[in-house]
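Visitor: Below is the structure, and that's it, no one-letter string:
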């Protein structure tokens, strides 16, 4: 029983030699838990136990999410409260690198597999457990061969109805080039180049989003020195540190 008064069941910890018998025992447990005011049930089914899933569906378990190796199903059994089980993660995190050199040139790419060959920022999705700044630095190097260091968050975009009906949060990191030569990723990138920022923002096929991002950078360099950078701060129970991003002064 967890702190939210719910029960978690793992298939690998159960005797599943006789699935019909197990399901009957599960039904009895559900009635018992309901009488004990248990609110919700989480049932993690490992891949090797997937034959159990149809039987769980028959007793009104619902799919919650799937990951390599398992499926999670849930059932809300409280009659006195609305279903309070949290949805599965529904936001993608992407990071683009806004890399400007000493010649006021922006590092831009054209993707190999795209509907249109637009000049855009290098970037991609964050890996699990990866900090935003690290994602930006990694993606820029993987796609272009240019080594960079994080300077500041520049802006971010929140988009809905992205892949699989999830939303997408796209962070743009201002990065400083510190080495390397242009060496486009052969699997993903068609072209990569340095382009004068003033020329880039005037490209006729530039998307409104990319134009706005570029204008954000120009506004910073022309009108002020604001930056958004992280500090490592303890979490609520002091078991690890989190990044908290706040406004400060930028060094360009």
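Guide: Thanks, I have it. The structure displayed is predicted, hence computed values, not measured ones.
Visitor: Which stretches in this structure count as strands?
Guide: Assigned by DSSP state E, the strands in the chain fall at 6-10, 40-46, 62-67, 70-76, 91-99, 105-111, 123-125, 147-159, 167-179, 189-196, 226-234, 241-249.
Visitor: What score does the residue of the chain positioned farthest from its centre have for pLDDT?
Guide: Note on the chain: the largest C-alpha distance from the chain mean falls to residue 21, namely 40.7 Å (C-alpha atoms, centre = their mean). Looking at residue 21, its pLDDT reads 97.
Visitor: now do the one 3 residues further on
Guide: The per-residue pLDDT reported for residue 24 equals 97.
Visitor: What lies in contact with stretch 112-127?
Guide: 92-99, 107-111, 132, 135-136, 139-140, 142-144, 170, 172, 187-192, 195, 200, 203, 205-207, 210, 213 (C-beta atoms under 8 Å, 6 or more residues apart in numbering). The C-beta positions use only the backbone N, C-alpha and C, and glycine is treated the same way.
Visitor: Report the mean confidence score over that stretch.
Guide: Here the average pLDDT along stretch 112-127 is 91.
Visitor: Tell me the buried residues in that stretch?
Guide: Buried residues in stretch 112-127, counting neighbours by 16 or more other C-beta atoms under 10 Å, are found at 119, 120, 121, 122, 123, 124, 126.
Visitor: Please look at residue 242 and residue 232 and confirm they touch.
Guide: Yes: contact criterion C-beta atoms under 8 Å: residue 242 and residue 232 qualify, at 7.4 Å.
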